[in-house]
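K.L.:
just a sequence and a predicted model for now, questions to come.
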Amino acid sequence: MKLTYPAIFHHESGSYWVEFPDLIGCNSFGDTAEETLKSAQEALEGYALTLLEEGEKLPEPSDIADIHIDENSFTSFVQVDLSAYLNNSKAVKKTLTIPEWLNNQAIANGINFSKVLQDALIRQLNMF
């Protein structure tokens with residue numbers, strides 16, 4: 001599962017720091033723009049995983065065009081992929097019932113029932 005949030009990169013005194021307007025307290029820094037981008041990804045990843053582990057919802061990302069900055073700053077999207085972390089959770093077996101015709105169609109089309117259920121539950125719970 002990929003997350004993308006807008007970030008504001010600030011250039012001050014030869015180094016950079018970054019903040020996420022939608023994620024209060026989520027920020028990082030670095031000596032170069034590239035280093036700061038990497039640390040921003042790590043900060044976003046940690047922040048998002050912490051919220052999810054605490055059962056909280058992630059806020060909707062702002063429209064990057066609505067973010068106002070000064071002349072020593074720039075905006076950029078920061079993206080992370082949480083799939084590796086979310087897929088390492090202990091699996092729980094569930095029994096469910098669906099109509100036979102739906103089961104047959106899904107099997108014929110190579111549908112992964114577990115993935116479909118996981119995706120539907122995440123959407124239903126408004127987790128992402």
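P.N.:
Sure thing, it's come through. Residues are numbered from 1 along each chain as shown.
K.L.:
contacts for the one helix or strand residue 77 maps to?
P.N.:
Element membership for residue 77 (DSSP states H and E) is strand 73-81. With contact meaning CB atoms under 8 Å, 6 or more residues apart in numbering, strand 73-81 is reached by 1-11, 18, 20, 37, 40-41, 44-45, 48, 64, 67, 69. From N, CA and C alone the C-beta is placed, and that goes for glycine too.
K.L.:
the residues you listed in helices, which ones?
P.N.:
37, 40-41, 44-45, 48 (DSSP state H).
K.L.:
average pLDDT across the strand ranked longest in the chain?
P.N.:
Longest strand of the chain, by residue count under DSSP state E: strand 2-12. Strand 2-12 shows a mean pLDDT of 95.
K.L.:
partners of the strand holding residue 77 in the sheet?
P.N.:
strand 2-12 (antiparallel) (DSSP bridges).
K.L.:
got the domain ranges for this structure?
P.N.:
Recorded structural domains for the chain (assignment: automatic domain parsing) are 2-86, 90-128.
K.L.:
same list, these, but as a markdown table with mean neighbour count please.
P.N.:
As requested, these are exported to a markdown table (neighbours: other CB atoms under 10 Å):
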| stretch | mean neighbour count |
| --- | --- |
| domain 2-86 | 15 |
| domain 90-128 | 10 |
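K.L.:
what distance separates the start and the end of stretch 56-69?
P.N.:
29 Å (CA to CA, to the nearest Å).
K.L.:
cool, stretch 104-115 as well?
P.N.:
17 Å.
K.L.:
sorry, back to before: which residues are contacting the longest strand of the chain?
P.N.:
Contacts for strand 2-12 (CB under 8 Å, 6+ apart): 16-23, 33, 36-37, 40, 44, 48, 58, 61-64, 67, 69, 72-83, 128.
K.L.:
so which elements touch the worst-scoring helix or strand of the chain on mean pLDDT?
P.N.:
Within the chain, judged by mean pLDDT, DSSP states H and E, the helix or strand with the poorest mean is helix 83-86; its value is a mean of 75. Helices and strands touching helix 83-86, by 3 or more CB pairs under 8 Å, 6 or more residues apart in numbering; DSSP states H and E, are helix 33-53.
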